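Visitor: sequence first, predicted coordinates after that:
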Amino acid sequence: MYLLSFFSLGKKMQDKEIRNRLQESERKLGSSMPFDEAKERVTQLEKEVTSLDSVMDLQDILRRFSFDNICKFSFGVDPGCLQPSLPVSPFAAAFDTASKLSAERAMTSSPITWKIKRLLNIGSEKKLKQAIKIINNLAEELINKRRKIGFSTRKDLLSRFMSSVENDNKYLRDIIVSFLLAGRDTVAAALTGFFFLLSKNPSVEVLIREELDRILDNPVQECASFEQLQRMHYLTAAIYESMRLFPPVQFDSKFAQEDDVLPDGTFVPMGTRVTYHPYAMGRMERVWGSDCLKFKPERWLHDGVFVPEDPFKYPVFQAGVRICLGKELAVVEMKSLVATLIRQFDIRVVGSDTEPRFAPGLTATMRGGLSVRVYERSGRWNDP
Ligand code: HEM
């Protein structure tokens, strides 16, 4: 419910069709288009980072990176947000507004206020409606353009869906918008938390670099292949560990459609809002032990091999039948970016002794961004 509800996708997401399509795209990651494109974007990001020599907001850059990435993956269109010199696209801006206003809605103690505003079409509800309209219109425009130029030979998600659901524009629009919502800020938030923790834990960075040097070719292999990424167990562990401490979706609510009983016997009357809280759960001693606040990728490794936790213990991607459909894709995207960047650069957070504070939103957003300095690593290939 955290972000999909405004685009009425809910039930449709259970469709086998959608799961199949996404799995198909994930499989292709291994060999063809989307992975190559992600690699291309990482190289582009690398160029942006090199060209900025003063303090920069890494959170902003990562949000631009993941928006371009998910648009290319979903629509086959590159909005070009990654060049910080360009203004934020109307699409991205409308997404930000809709996301912020939806989160504010969820935080109100009673829904009566926003419902009245919605009825009268005033204030924040008017703005939310306008933002959703912009998003829907732009998505429809893209679908119509694609229909004109043809989609049968293209491999992006929209084209794959269009070949089976040709004329239902609303269905296509809802699927695509949901993927953009689900895949954009989550990945950026996860990467922002990761770089924050890495800057505070240089010993983890050393171990990631050792693994990269073992797996990647020397001298400079710019981007890892899919097979190489699969062999990076320590990096996978570090990414999962960072999302334990800084989950992109910090909490998420459901409403009971009928009377229910939780596994511990708690009775839940129909209509009750039930919230699970990955941020709190990730920091509970009872769940993760006395070192629960420590950033320790080793807790995910058994004899050097990454072993995932039970999703009900680690609900960062939710758990059960409605578990995140893009989780493998997200982790591959993150590993690819991290592997490229930290091999080339030292990314140091400015003022990393303070704990980050978060702004209200559907996904974790650090208040004021994440200020970093980026240093190019020279002579690394000669290191002993
Ligand atoms: C680190 C990145 C990500 C995190 C932490 C994450 C987390 C989540 C969570 C918590 C949910 C459950 C939402 C709910 O039902 O209330 C979810 C659902 C979903 N996610 Fe992700 N997600 C990530 C990346 C992605 C990406 C990259 C995509 C798409 C390419 C994606 C696609 C989806 C979809 C389609 C659903 C709906 C599944 C359903 O309702 O059956 N996610 N995700």
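Guide: Sure, I can see it. Numbering: from 1, shown residues only.

Visitor: around the ligand, pick out the residues from the stretch 51-200 of the chain.
Guide: Ser178, Phe179, Ala182, Gly183, Thr186, Val187, Ala190 (C-beta under 6 Å from any ligand atom). Where you see a C-beta, it was placed from the backbone N, CA and C, and this is true even at glycine.

Visitor: which residue packs closest to the last one, ignoring adjacent ones?
Guide: To tie it back to what came earlier, the one meant is Ala190. Distances taken as C-beta to C-beta, 6 or more residues apart in numbering put Pro248 closest to Ala190, at 4.8 Å, once the chain neighbours are dropped.

Visitor: and the fifth one, by the same measure?
Guide: Among residues not flanking Thr186 along the chain, Pro248 sits closest, at 4.2 Å (C-beta to C-beta, 6+ apart).

Visitor: give the contact list for the residue nearest to Ala190.
Guide: For Pro248, the contact set (C-beta atoms under 8 Å, 6 or more residues apart in numbering) comprises Asp185, Thr186, Val187, Ala189, Ala190, Gly193, Val316, Thr363, Ala364.

Visitor: need these in JSON lines with distance to Glu141, can you?
Guide: Shown next, in JSON lines, are the contacts of Pro248 (distance: C-beta to C-beta, whole Å):
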{"residue": "Asp185", "distance to Glu141": "22"}
{"residue": "Thr186", "distance to Glu141": "25"}
{"residue": "Val187", "distance to Glu141": "25"}
{"residue": "Ala189", "distance to Glu141": "28"}
{"residue": "Ala190", "distance to Glu141": "30"}
{"residue": "Gly193", "distance to Glu141": "34"}
{"residue": "Val316", "distance to Glu141": "34"}
{"residue": "Thr363", "distance to Glu141": "26"}
{"residue": "Ala364", "distance to Glu141": "31"}
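
Visitor: out of those residues, list just those in helices.
Guide: Asp185, Thr186, Val187, Ala189, Ala190, Gly193 (DSSP state H).

Visitor: and these, which of them are buried?
Guide: Asp185, Thr186, Val187, Ala189, Ala190, Gly193 (16 or more other C-beta atoms under 10 Å).

Visitor: redo those residues as JSON lines? Include pLDDT.
Guide: Conversion of those to JSON lines gives the following (pLDDT from 0 to 100):
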{"residue": "Asp185", "pLDDT": "87"}
{"residue": "Thr186", "pLDDT": "94"}
{"residue": "Val187", "pLDDT": "94"}
{"residue": "Ala189", "pLDDT": "95"}
{"residue": "Ala190", "pLDDT": "97"}
{"residue": "Gly193", "pLDDT": "97"}
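
Visitor: packing partners of the helix or strand harbouring Ile134?
Guide: Ile134 is located in helix 123-149, with elements delineated by DSSP states H and E. Here helix 123-149 touches helix 90-107, helix 112-120, helix 157-162, helix 169-183, going by 3 or more C-beta pairs under 8 Å, 6 or more residues apart in numbering; DSSP states H and E.

Visitor: worst average pLDDT in the ones you listed?
Guide: Confidence, taken as mean pLDDT, is least for helix 157-162 of those (a mean of 78).

Visitor: quick check: which element contains the closest residue in space to Thr275 that isn't next to it in sequence?
Guide: Excluding the flanking residues, the one nearest Thr275 by C-beta to C-beta, 6+ apart is Ser253, at 4.4 Å. Ser253 belongs to strand 252-255 when assigned by DSSP H and E.

Visitor: and the closest residue in space to Phe95 that isn't next to it in sequence, how close does it get to the ligand?
Guide: Closest residue to Phe95 apart from its sequence neighbours, by C-beta to C-beta, 6+ apart: Ile135 at 6.4 Å. Distance, Ile135 to the ligand, using C-beta to the nearest ligand atom, to the nearest Å: 16 Å.

Visitor: tally of neighbours for Ile135?
Guide: 23 (other C-beta atoms under 10 Å).

Visitor: try Gly361
Guide: Count around Gly361 with other C-beta under 10 Å applied: 18.

Visitor: checking Arg348 next. Helix, strand or coil?
Guide: When classified by DSSP: H, G, I helix; E, B strand; the rest coil, Arg348 comes out as strand.

Visitor: what of Val374?
Guide: strand.

Visitor: phi and psi next, for Lys313.
Guide: phi -90, psi -30 (degrees, to the nearest 10).

Visitor: and it, what does it touch?
Guide: Met281, Val287.

Visitor: with Asp346 instead?
Guide: Going by C-beta under 8 Å, 6+ apart, the list of residues near Asp346 reads Val374, Tyr375, Arg377.

Visitor: can you pull the pLDDT of the second one?
Guide: By that I understand Tyr375. 81.
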